[in-house]
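Participant: Okay, sequence plus prediction incoming.
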Amino acid sequence: MLEKILNFCFSVSKQPVLLKDLLVANVQHNEKMHVDAAKLGFRLSIGKAYIVYIMLVSIFVVPLALVAHALFAKIDAHASIVVSIVFTAIIFIWFNFFRIWIKDKMANKVIRKAWIIHFPYFPYDEYRYKIEEIFHKAMKEEIPKKDLERYILDNLVQN
């Protein structure tokens, strides 16, 4: 289901992810930072994300509203107005968390797909931190972009 949501909410470029962009995104992803979606070649459609979010929230809100309606019909209208304002605010605030969550999931998906292209013999889960260390070392040594892949592969083989 998550795969269908990601495919529906995101536009993905057909261009492959460049090696340096992949390495930078890997570092950011490993450090639990937000990854630059443009560098990885995907874009979130906010309208489609709202549609998915509304559908997901409706699964929980409709039954809760039916139960709460019976309770609030018996008490003061002011209380139901205040609760509905707070509840609506919570729903809209949680959309920001949902948007960040699906962007992180999509970034993980694109990084893994690009990883297979650039490092087919090095599984992502096993080598992502090792390659991050080698990339940091390469940046300190100011390795040119054209020699970066060879430098990383040479260091992986030596370790």
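Facilitator: Everything's here; your move.
Participant: Which strands or helices does the longest helix seen in the chain pack on?
Facilitator: If each helix of the chain is counted by residues according to DSSP state H, the longest one is helix 77-118. The helices and strands touching helix 77-118, judged by 3 or more C-beta pairs under 8 Å, 6 or more residues apart in numbering; DSSP states H and E, are helix 2-9, strand 10-12, helix 19-30, helix 37-40, strand 42-44, helix 46-74, helix 124-140. C-beta coordinates here come from the backbone N, C-alpha and C atoms, glycine included.
Participant: Serialize the ones you listed to a markdown table and add fields for mean neighbour count, mean pLDDT and distance to residue 111.
Facilitator: Output for these, formatted as a markdown table (neighbours: other C-beta atoms under 10 Å; pLDDT from 0 to 100; distance: least, C-beta to C-beta, whole Å):
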| stretch | mean neighbour count | mean pLDDT | distance to residue 111 |
| --- | --- | --- | --- |
| helix 2-9 | 14 | 92 | 13 |
| strand 10-12 | 16 | 92 | 13 |
| helix 19-30 | 19 | 92 | 6 |
| helix 37-40 | 17 | 90 | 7 |
| strand 42-44 | 17 | 93 | 11 |
| helix 46-74 | 12 | 88 | 20 |
| helix 124-140 | 15 | 91 | 7 |
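Participant: May I see the ones you listed organised as a markdown table, with distance to residue 80 added?
Facilitator: What follows is the helices and strands packed on helix 77-118, written out as a markdown table (distance: least, C-beta to C-beta, whole Å):
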| stretch | distance to residue 80 |
| --- | --- |
| helix 2-9 | 33 |
| strand 10-12 | 38 |
| helix 19-30 | 44 |
| helix 37-40 | 40 |
| strand 42-44 | 35 |
| helix 46-74 | 4 |
| helix 124-140 | 50 |
